[in-house]
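Peer 1: Fold the following for me, if possible:
(one chain, ligands or ions: 1)
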Amino acid sequence: MREPGADVHNLRERIDGAARICVLTGAGMSAESGIATFRDALTGLWSRFDPGQLASEEGFRADPQLVWDWYAERRANVRAAQPNAGHLALGAFARRRPGVLTLVSQNVDDLHQRAGNADTIRLHGDILADRWLEPCRCGRQRDPREATPGRPPRCPDCGKLVRPGVVWFGEALPEGALEAAERAACAAEVMLVVGTSGAVWPAAGLAATARRAGAFVAIVNPQPSEIDAAAHVLVPGTAAQVLPQLFHDAVA
Ligand code: OAD
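Peer 2: Take a look at the predicted model:
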(Lines give C-alpha, C1' and ligand atoms only; values in the text may rest on other atoms or scores of the structure.)
Protein backbone atom coordinates (compact mmCIF):
# COMPACT_ATOMS: atom_id res chain seq x y z
CA MET A 1 0.00 0.00 0.00
CA ARG A 2 1.25 3.51 -0.86
CA GLU A 3 1.67 6.08 1.89
CA PRO A 4 -0.60 9.17 1.58
CA GLY A 5 2.59 11.27 1.60
CA ALA A 6 3.67 9.71 -1.69
CA ASP A 7 0.39 10.69 -3.36
CA VAL A 8 0.69 14.26 -2.07
CA HIS A 9 4.27 14.44 -3.31
CA ASN A 10 3.34 13.15 -6.79
CA LEU A 11 0.35 15.47 -7.01
CA ARG A 12 2.47 18.41 -5.96
CA GLU A 13 4.89 17.63 -8.79
CA ARG A 14 2.03 17.54 -11.30
CA ILE A 15 0.78 20.89 -9.98
CA ASP A 16 4.26 22.37 -10.23
CA GLY A 17 4.50 21.29 -13.87
CA ALA A 18 0.97 22.10 -15.05
CA ALA A 19 0.12 25.07 -17.23
CA ARG A 20 -3.64 24.72 -16.54
CA ILE A 21 -5.17 23.65 -13.24
CA CYS A 22 -8.84 23.60 -12.31
CA VAL A 23 -9.91 23.38 -8.66
CA LEU A 24 -13.53 22.65 -7.75
CA THR A 25 -14.46 23.32 -4.14
CA GLY A 26 -17.46 22.48 -1.98
CA ALA A 27 -18.62 23.18 1.54
CA GLY A 28 -15.78 21.15 3.10
CA MET A 29 -13.41 23.85 1.84
CA SER A 30 -14.86 26.30 4.35
CA ALA A 31 -15.51 23.83 7.19
CA GLU A 32 -12.26 24.74 8.95
CA SER A 33 -13.30 28.40 8.76
CA GLY A 34 -16.30 27.49 10.93
CA ILE A 35 -18.94 27.40 8.18
CA ALA A 36 -21.18 24.34 8.38
CA THR A 37 -21.31 21.88 5.48
CA PHE A 38 -24.64 20.52 4.21
CA ARG A 39 -24.45 16.73 4.30
CA ASP A 40 -22.00 15.80 7.04
CA ALA A 41 -23.84 13.67 9.61
CA LEU A 42 -24.77 15.69 12.75
CA THR A 43 -23.01 18.94 11.76
CA GLY A 44 -24.35 19.34 8.21
CA LEU A 45 -27.12 21.91 7.70
CA TRP A 46 -29.35 19.41 5.86
CA SER A 47 -29.18 17.02 8.81
CA ARG A 48 -30.90 19.68 10.97
CA PHE A 49 -32.92 21.76 8.50
CA ASP A 50 -35.27 20.98 5.62
CA PRO A 51 -33.83 22.02 2.25
CA GLY A 52 -37.35 21.99 0.74
CA GLN A 53 -38.34 24.74 3.19
CA LEU A 54 -35.08 26.72 3.24
CA ALA A 55 -33.59 26.24 -0.22
CA SER A 56 -36.48 26.42 -2.66
CA GLU A 57 -38.66 29.14 -4.12
CA GLU A 58 -41.76 27.34 -2.81
CA GLY A 59 -40.33 27.35 0.72
CA PHE A 60 -39.53 31.06 0.53
CA ARG A 61 -43.02 31.94 -0.78
CA ALA A 62 -44.60 29.84 1.99
CA ASP A 63 -42.76 31.65 4.80
CA PRO A 64 -40.53 34.49 3.57
CA GLN A 65 -39.63 35.73 7.05
CA LEU A 66 -38.48 32.35 8.32
CA VAL A 67 -36.30 31.78 5.26
CA TRP A 68 -34.95 35.36 5.28
CA ASP A 69 -34.00 35.06 8.96
CA TRP A 70 -32.24 31.74 8.36
CA TYR A 71 -30.11 33.28 5.62
CA ALA A 72 -29.48 36.38 7.76
CA GLU A 73 -27.91 34.11 10.39
CA ARG A 74 -25.81 32.32 7.75
CA ARG A 75 -24.74 35.68 6.32
CA ALA A 76 -23.59 36.78 9.77
CA ASN A 77 -21.56 33.56 10.11
CA VAL A 78 -19.93 34.13 6.71
CA ARG A 79 -19.05 37.75 7.57
CA ALA A 80 -17.48 36.63 10.85
CA ALA A 81 -15.48 33.78 9.26
CA GLN A 82 -11.93 34.06 7.96
CA PRO A 83 -10.26 32.24 5.06
CA ASN A 84 -8.40 29.16 6.30
CA ALA A 85 -4.95 27.90 5.31
CA GLY A 86 -6.48 26.11 2.29
CA HIS A 87 -8.11 29.26 0.89
CA LEU A 88 -4.90 31.20 1.52
CA ALA A 89 -2.76 28.60 -0.26
CA LEU A 90 -4.95 28.86 -3.39
CA GLY A 91 -4.89 32.67 -3.24
CA ALA A 92 -1.10 32.74 -2.90
CA PHE A 93 -0.68 30.27 -5.77
CA ALA A 94 -2.86 32.41 -8.07
CA ARG A 95 -0.70 35.46 -7.27
CA ARG A 96 2.53 33.51 -7.85
CA ARG A 97 1.43 31.86 -11.11
CA PRO A 98 -1.17 34.12 -12.72
CA GLY A 99 -3.33 32.53 -15.41
CA VAL A 100 -2.69 28.91 -14.34
CA LEU A 101 -5.50 28.28 -11.86
CA THR A 102 -9.23 28.42 -12.54
CA LEU A 103 -11.13 28.15 -9.30
CA VAL A 104 -14.72 26.92 -9.45
CA SER A 105 -16.73 26.89 -6.24
CA GLN A 106 -20.10 25.65 -5.14
CA ASN A 107 -19.71 27.77 -2.03
CA VAL A 108 -21.86 30.84 -1.54
CA ASP A 109 -19.45 32.41 0.97
CA ASP A 110 -16.78 34.90 -0.14
CA LEU A 111 -13.74 33.25 1.47
CA HIS A 112 -11.98 32.42 -1.83
CA GLN A 113 -12.43 36.02 -2.93
CA ARG A 114 -11.11 37.37 0.37
CA ALA A 115 -8.09 35.03 0.08
CA GLY A 116 -7.21 36.55 -3.29
CA ASN A 117 -9.12 34.51 -5.89
CA ALA A 118 -11.34 37.31 -7.13
CA ASP A 119 -12.14 35.48 -10.39
CA THR A 120 -13.65 32.41 -8.72
CA ILE A 121 -16.51 30.99 -10.79
CA ARG A 122 -19.45 30.77 -8.39
CA LEU A 123 -21.79 28.01 -9.47
CA HIS A 124 -24.34 28.48 -6.69
CA GLY A 125 -24.43 32.24 -6.31
CA ASP A 126 -23.48 34.63 -3.51
CA ILE A 127 -25.14 34.54 -0.11
CA LEU A 128 -24.16 38.14 0.62
CA ALA A 129 -25.95 39.45 -2.49
CA ASP A 130 -29.63 40.37 -2.68
CA ARG A 131 -31.90 39.96 -5.69
CA TRP A 132 -35.58 40.28 -6.43
CA LEU A 133 -37.73 37.17 -6.12
CA GLU A 134 -39.58 38.00 -9.32
CA PRO A 135 -39.40 40.43 -12.23
CA CYS A 136 -40.51 44.00 -11.71
CA ARG A 137 -44.27 44.57 -11.77
CA CYS A 138 -44.23 48.28 -11.01
CA GLY A 139 -42.17 49.37 -13.99
CA ARG A 140 -39.33 50.68 -11.80
CA GLN A 141 -36.10 48.75 -12.31
CA ARG A 142 -34.88 49.40 -8.80
CA ASP A 143 -31.68 48.00 -7.36
CA PRO A 144 -32.53 45.55 -4.52
CA ARG A 145 -30.44 47.78 -2.23
CA GLU A 146 -33.18 50.42 -2.62
CA ALA A 147 -35.77 48.07 -1.12
CA THR A 148 -37.67 49.08 1.98
CA PRO A 149 -35.94 47.35 4.92
CA GLY A 150 -37.80 44.39 6.38
CA ARG A 151 -37.65 40.64 6.84
CA PRO A 152 -37.43 40.35 3.86
CA PRO A 153 -37.11 43.82 2.35
CA ARG A 154 -39.73 44.79 -0.26
CA CYS A 155 -40.09 47.08 -3.24
CA PRO A 156 -41.59 50.33 -1.92
CA ASP A 157 -43.86 50.52 -4.99
CA CYS A 158 -45.17 47.04 -5.78
CA GLY A 159 -44.21 45.07 -2.68
CA LYS A 160 -42.24 42.37 -4.45
CA LEU A 161 -39.77 40.63 -2.19
CA VAL A 162 -35.98 40.58 -2.00
CA ARG A 163 -34.36 37.13 -1.69
CA PRO A 164 -30.78 36.00 -1.08
CA GLY A 165 -28.62 35.63 -4.20
CA VAL A 166 -28.08 31.89 -3.91
CA VAL A 167 -29.22 29.13 -6.26
CA TRP A 168 -32.05 27.12 -4.79
CA PHE A 169 -33.03 23.57 -5.70
CA GLY A 170 -34.66 23.39 -9.13
CA GLU A 171 -33.16 26.71 -10.26
CA ALA A 172 -30.76 27.42 -13.11
CA LEU A 173 -27.12 28.22 -12.36
CA PRO A 174 -25.95 31.83 -12.89
CA GLU A 175 -25.68 32.58 -16.60
CA GLY A 176 -22.43 31.42 -18.13
CA ALA A 177 -21.03 29.93 -14.91
CA LEU A 178 -21.37 26.25 -15.84
CA GLU A 179 -20.05 26.85 -19.35
CA ALA A 180 -16.98 28.62 -17.94
CA ALA A 181 -16.44 25.82 -15.41
CA GLU A 182 -16.72 23.15 -18.13
CA ARG A 183 -14.22 25.00 -20.31
CA ALA A 184 -11.77 25.10 -17.40
CA ALA A 185 -12.32 21.40 -16.61
CA CYS A 186 -11.71 20.45 -20.25
CA ALA A 187 -8.56 22.57 -20.50
CA ALA A 188 -7.03 21.38 -17.21
CA GLU A 189 -4.01 19.12 -16.94
CA VAL A 190 -4.78 18.69 -13.25
CA MET A 191 -8.31 18.76 -11.82
CA LEU A 192 -8.47 18.96 -8.04
CA VAL A 193 -11.79 18.46 -6.26
CA VAL A 194 -11.87 19.63 -2.64
CA GLY A 195 -14.50 19.17 0.06
CA THR A 196 -17.59 18.21 -1.90
CA SER A 197 -19.87 15.22 -1.44
CA GLY A 198 -20.48 15.16 -5.20
CA ALA A 199 -24.21 14.89 -4.54
CA VAL A 200 -25.33 18.01 -6.43
CA TRP A 201 -25.34 18.25 -10.19
CA PRO A 202 -24.20 19.63 -12.57
CA ALA A 203 -21.19 20.59 -10.39
CA ALA A 204 -20.60 16.94 -9.53
CA GLY A 205 -20.06 16.10 -13.21
CA LEU A 206 -17.04 18.37 -13.61
CA ALA A 207 -14.54 15.80 -12.31
CA ALA A 208 -15.60 13.20 -14.89
CA THR A 209 -15.68 15.88 -17.60
CA ALA A 210 -12.08 16.78 -16.82
CA ARG A 211 -11.01 13.15 -16.74
CA ARG A 212 -12.60 12.42 -20.13
CA ALA A 213 -10.76 15.43 -21.53
CA GLY A 214 -7.43 14.05 -20.30
CA ALA A 215 -6.87 15.70 -16.91
CA PHE A 216 -5.26 13.98 -13.94
CA VAL A 217 -8.06 14.07 -11.34
CA ALA A 218 -7.46 14.17 -7.57
CA ILE A 219 -9.99 14.43 -4.75
CA VAL A 220 -9.15 15.90 -1.34
CA ASN A 221 -11.71 14.85 1.24
CA PRO A 222 -11.44 13.16 4.66
CA GLN A 223 -14.48 11.02 3.71
CA PRO A 224 -15.51 9.08 0.59
CA SER A 225 -17.55 11.10 -1.91
CA GLU A 226 -20.05 10.12 -4.60
CA ILE A 227 -17.60 10.98 -7.37
CA ASP A 228 -14.54 9.08 -6.14
CA ALA A 229 -14.68 6.82 -9.22
CA ALA A 230 -13.77 9.83 -11.40
CA ALA A 231 -10.46 10.31 -9.55
CA HIS A 232 -7.01 8.93 -10.29
CA VAL A 233 -6.03 9.56 -6.68
CA LEU A 234 -7.89 10.17 -3.41
CA VAL A 235 -6.14 12.27 -0.78
CA PRO A 236 -7.82 11.58 2.58
CA GLY A 237 -7.22 14.84 4.42
CA THR A 238 -8.79 18.22 5.06
CA ALA A 239 -8.57 21.32 2.89
CA ALA A 240 -6.56 23.33 5.42
CA GLN A 241 -4.10 20.45 5.93
CA VAL A 242 -3.60 19.30 2.35
CA LEU A 243 -3.82 22.40 0.13
CA PRO A 244 -0.84 24.20 1.73
CA GLN A 245 1.22 21.06 1.05
CA LEU A 246 0.10 20.96 -2.59
CA PHE A 247 0.34 24.66 -3.45
CA HIS A 248 2.93 26.15 -1.11
CA ASP A 249 5.85 27.69 -2.98
CA ALA A 250 5.10 25.74 -6.14
CA VAL A 251 7.21 27.04 -9.01
CA ALA A 252 6.57 27.06 -12.73
P1 OAD B 1 -21.71 18.71 1.27
O2 OAD B 1 -22.11 19.11 2.66
O3 OAD B 1 -22.67 17.87 0.49
O4 OAD B 1 -20.33 17.93 1.33
C5 OAD B 1 -19.27 18.42 2.08
C6 OAD B 1 -18.08 17.52 1.86
O7 OAD B 1 -16.97 18.11 2.49
C8 OAD B 1 -18.22 16.11 2.41
O9 OAD B 1 -17.85 15.17 1.42
C10 OAD B 1 -17.24 16.07 3.60
O11 OAD B 1 -16.64 14.80 3.76
C12 OAD B 1 -16.22 17.08 3.14
N13 OAD B 1 -15.48 17.75 4.22
C14 OAD B 1 -15.88 18.02 5.48
N15 OAD B 1 -14.93 18.70 6.14
C16 OAD B 1 -13.90 18.87 5.28
C17 OAD B 1 -12.64 19.50 5.37
N18 OAD B 1 -12.23 20.12 6.48
N19 OAD B 1 -11.82 19.48 4.26
C20 OAD B 1 -12.22 18.86 3.13
N21 OAD B 1 -13.41 18.24 3.00
C22 OAD B 1 -14.24 18.25 4.05
O23 OAD B 1 -21.33 20.06 0.49
P24 OAD B 1 -21.28 20.32 -1.08
O25 OAD B 1 -20.78 19.11 -1.79
O26 OAD B 1 -20.57 21.60 -1.28
O27 OAD B 1 -26.03 24.24 -2.56
O28 OAD B 1 -22.80 20.51 -1.42
C29 OAD B 1 -23.19 20.88 -2.71
C30 OAD B 1 -24.33 21.87 -2.64
O31 OAD B 1 -25.40 21.32 -1.87
C32 OAD B 1 -23.98 23.17 -1.94
O33 OAD B 1 -23.36 24.11 -2.81
C34 OAD B 1 -25.31 23.66 -1.48
C35 OAD B 1 -25.95 22.37 -1.03
O36 OAD B 1 -27.35 22.32 -1.11
C37 OAD B 1 -26.31 25.56 -2.53
O38 OAD B 1 -25.99 26.31 -1.64
C39 OAD B 1 -27.05 26.05 -3.74
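Peer 1: going forward, measure contacts and count neighbours with C-alpha atoms only.
Peer 2: OK.
Peer 1: The lengthiest strand in the chain and the ligand, are they touching?
Peer 2: Of all the segments of type strand in the chain, defined by DSSP state E, the longest one is strand 125-132. No. Counting by Cα under 6 Å from any ligand atom, the ligand has no neighbours in strand 125-132; the shortest distance is 7.2 Å.
Peer 1: Past that strand, which element shows up next along the chain?
Peer 2: Past strand 125-132, further along toward the C-terminus, the next helix or strand under DSSP states H and E is strand 162-166.
Peer 1: What helices and strands are in contact with the longest strand of the chain?
Peer 2: helix 64-80, strand 162-166 (3 or more Cα pairs under 8 Å, 6 or more residues apart in numbering; DSSP states H and E).
Peer 1: The ligand: which of those is closest?
Peer 2: The ligand lies closest, by Cα to the nearest ligand atom, to one member of the helices and strands packed on strand 125-132: strand 162-166, at 5.9 Å.
Peer 1: which parts of the protein sit against the ligand?
Peer 2: Residues of the chain lying close to the ligand by Cα under 6 Å from any ligand atom are 26-29, 31-32, 37-40, 44, 106-107, 124, 166-168, 194-198, 200, 221-223, 225, 238-239.
Peer 1: Now that we have those residues, which of them are buried?
Peer 2: The neighbour-count criterion (16 or more other Cα atoms under 10 Å) marks 26-29, 31-32, 37-39, 44, 106-107, 124, 166-168, 194-198, 221, 225, 238-239 among the residues of the chain next to the ligand as buried.
Peer 1: Can you tell me which of these end up in strands?
Peer 2: Using DSSP E, the members of those that fall within strands are 166, 194.
Peer 1: mind listing which of the buried ones among the residues of the chain next to the ligand are in helices?
Peer 2: When DSSP state H defines the helices, the subset of those inside them is 28, 29, 31, 239.
Peer 1: Confirm residue 22 sits in a strand?
Peer 2: Yes. Assigned with DSSP: H, G, I helix; E, B strand; the rest coil, residue 22 falls within a strand.
Peer 1: burial measure for it, as a count.
Peer 2: Counted with other Cα atoms under 10 Å, the neighbours of residue 22 add up to 28.
Peer 1: pLDDT value on it, please?
Peer 2: With respect to pLDDT, residue 22 scores 98.
Peer 1: Run through the residues that contact it.
Peer 2: By Cα atoms under 8 Å, 6 or more residues apart in numbering, the contact list for residue 22 reads 101, 102, 103, 104, 184, 185, 188, 190, 191, 192.
Peer 1: Swap in 6 Å and give it another go.
Peer 2: Counting by Cα atoms under 6 Å, 6 or more residues apart in numbering, residue 22 makes contact with 101, 102, 103, 185, 188, 191.
Peer 1: is it true that the third one lies in a strand?
Peer 2: So the one you mean is residue 103. Yes. According to three-state DSSP, residue 103 belongs to a strand.
Peer 1: What residues does it make contact with?
Peer 2: By Cα under 6 Å, 6+ apart, residue 103 lies in contact with 22, 23, 120.
Peer 1: how far away is it from the ligand?
Peer 2: Separation of residue 103 from the ligand (Cα to the nearest ligand atom, to the nearest Å): 14 Å.
Peer 1: Can you report phi and psi for the closest residue to residue 56 other than its chain neighbours?
Peer 2: Closest residue in space to residue 56, ignoring its immediate chain neighbours: residue 168 at 5.0 Å, by Cα to Cα, 6 or more residues apart in numbering. When read as degrees, to the nearest 10, the backbone of residue 168 gives phi -100, psi 170.
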